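In: this one's sequence-less:
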């Protein structure tokens, strides 16, 4: 009776040998297509077999000296993005072209790696133990280029009006002239863009900052860190009026990736672009500025809805209505002004001029409006305002009826007083006549 094999080790070895068998069958199939590149039909199969054995650190099954599989450099794109890149190598046989392509990425702790000439053959033995193969169901694992550092976008709403003219006059050197007819916002640039990778000026990873200021009180900051926000807000605060007791804020993220196959791609709380320029900043800023301002007005309307809800519950309990006429008129004015600000100041239904001119920015504009649900949120706001309007009309009728009742009772009292005076006058005259 042979020695006992631990259960875990037995399963591990079984799984390993199954994997080896599968890889060997695949290698035999691959090798059958490599014959045009080899002088001997058996050489590719033997080389691939020895490569698999070396990968799993198994002893050679053949007494002959191992030979490494070598391919022309023209078929082997060998690149190392960094010294700490993940180790991976993939073997692929072209289904139609009939050649073998090896994509190799090696792990190296050395700062510099040996370079290879274009026509120099590359063999798996040169790669060493730091290389591994990523063949999953016959497909090569592709690794996308990493995106550049993300660009933080911060939106703030802290006032109901900003004097853009005076703001531009005091910050003329940072002002960027407009490229469209929109006059309800201005853009400021602080610092210079960087061109560290040779792909053109990039906002990500640079010290350049952009600030978009809207006339209705929103501010959108691009590439500004959290500890730097107060300094930029103070620049605008000097020209703002109607400061709010509580500032509203929101955060978003933009990522630049020049190798992106499409112009833009959306994600969870971020948008990825090939390149972010001034027009992109204007487009993204306009949607974020409207979104943060709309959030403030929605909360204002929610407060009115809660107030009317309390009034209705009080009427349900006591059967009496105690609101004063002045308070009701204030609520009417507040509801009407909020609706006018959303439609007129925010320009919620006005399409950006940049989006009209270029389809790429129209795509960004439409995506962000859907992402922040501006249309749905306005529909919810409009529904709440209709509820407030219905309650205001109902309460106005109550106050009007109450006033009418008061006038009716006043008329009755005056008529009664007149009758009493008439009776007194008649009685007084009768007394004088009897004397």
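Out: Now that the structure is in, tell me what you want to look at. Everything numeric here is computed off the predicted structure, so don't read it as measured data.

In: ok but residue 396 is inside a helix, no?
Out: Yes: applying DSSP: H, G, I helix; E, B strand; the rest coil, one finds residue 396 inside a helix.

In: Please name the residues that touch it.
Out: Neighbouring residues of residue 396 by C-beta atoms under 8 Å, 6 or more residues apart in numbering: residue 328. For the C-beta atoms, the positions are set from N, CA and C on the backbone; glycine is no exception.

In: Poorly predicted segments of the stretch 101-250 of the chain, please.
Out: 101-148, 194-201 (pLDDT under 70).

In: Where do the strands of it begin and end?
Out: Here the stretch 101-250 of the chain has its strands, by DSSP state E, counting those that start in this stretch, at 122-123, 135-136, 139-140, 151-162, 175-176, 185-190, 209-214, 218-222, 240-256.

In: counting contacts, what elements does the fifth one pack onto?
Out: Using 3 or more C-beta pairs under 8 Å, 6 or more residues apart in numbering; DSSP states H and E as the contact test, the elements touching strand 175-176 are strand 185-190.

In: thinking residue 162 is in contact with residue 233, fair?
Out: No: if you go by C-beta atoms under 8 Å, residue 162 and residue 233 don't touch, sitting 11.4 Å apart.

In: Tell me which of these two has more neighbours.
Out: Just comparing residue 162 and residue 233: by other C-beta atoms under 10 Å the higher neighbour count belongs to residue 162, 26 against 17.

In: Look up how far residue 183 lies from that one.
Out: 13 Å (C-beta to C-beta, to the nearest Å).

In: intersection of neighbour lists for the two?
Out: residue 215.

In: Just say helix, strand or coil for the closest residue in space to residue 298 that isn't next to it in sequence.
Out: Of all residues not flanking residue 298 in the chain, residue 381 sits nearest, at 5.3 Å (C-beta to C-beta, 6 or more residues apart in numbering). Three-state call for residue 381 (three-state DSSP): helix.

In: Could you pull up the residues touching residue 381?
Out: By C-beta under 8 Å, 6+ apart, the contact list for residue 381 reads 294, 297, 298, 301, 342.

In: Now with 10 Å, please.
Out: 294, 297, 298, 300, 301, 302, 338, 339, 342, 348 (C-beta atoms under 10 Å, 6 or more residues apart in numbering).

In: So what angle separates the directions of the strand or helix carrying the fifth one and strand 240-256?
Out: Pointing back at residue 301 there. Element membership for residue 301, per DSSP states H and E: helix 278-318. On the basis of axes from the mean of the first three to the mean of the last three C-alpha atoms, to 10 degrees, helix 278-318 is oriented at 120 degrees to strand 240-256.

In: In stretch 344-360, which residues are buried?
Out: 345, 346, 347, 348, 352, 353, 354, 355, 358, 360 (16 or more other C-beta atoms under 10 Å).

In: Now residue 409: which helix or strand?
Out: Counting by DSSP H and E, residue 409 is found in helix 374-434.

In: for that helix, what is the average pLDDT?
Out: Averaging pLDDT along helix 374-434 yields 89.

In: Can you report phi and psi for residue 350?
Out: Backbone torsions for residue 350, taken as degrees, to the nearest 10, come to phi -100, psi 130.

In: thinking it is in contact with residue 180, fair?
Out: No: using C-beta atoms under 10 Å, residue 350 is not in contact with residue 180; the gap is 11.5 Å.

In: Any idea how many residues pack against residue 421?
Out: 10.

In: Use 44 as the first number for this chain going forward.
Out: Renumbered: residue one is now 44, and that last one reads residue 464.

In: Please report the distance of it from residue 457.
Out: 10 Å.

In: same deal with residue 235?
Out: 82 Å.

In: The nearest residue to residue 265 once chain neighbours are set aside bridge partners, please.
Out: Using C-beta to C-beta, 6+ apart and skipping the chain neighbours, the partner closest in space to residue 265 is residue 253 (4.0 Å). Beta-bridge partners of residue 253, counted by DSSP bridges, are residue 232, residue 265.
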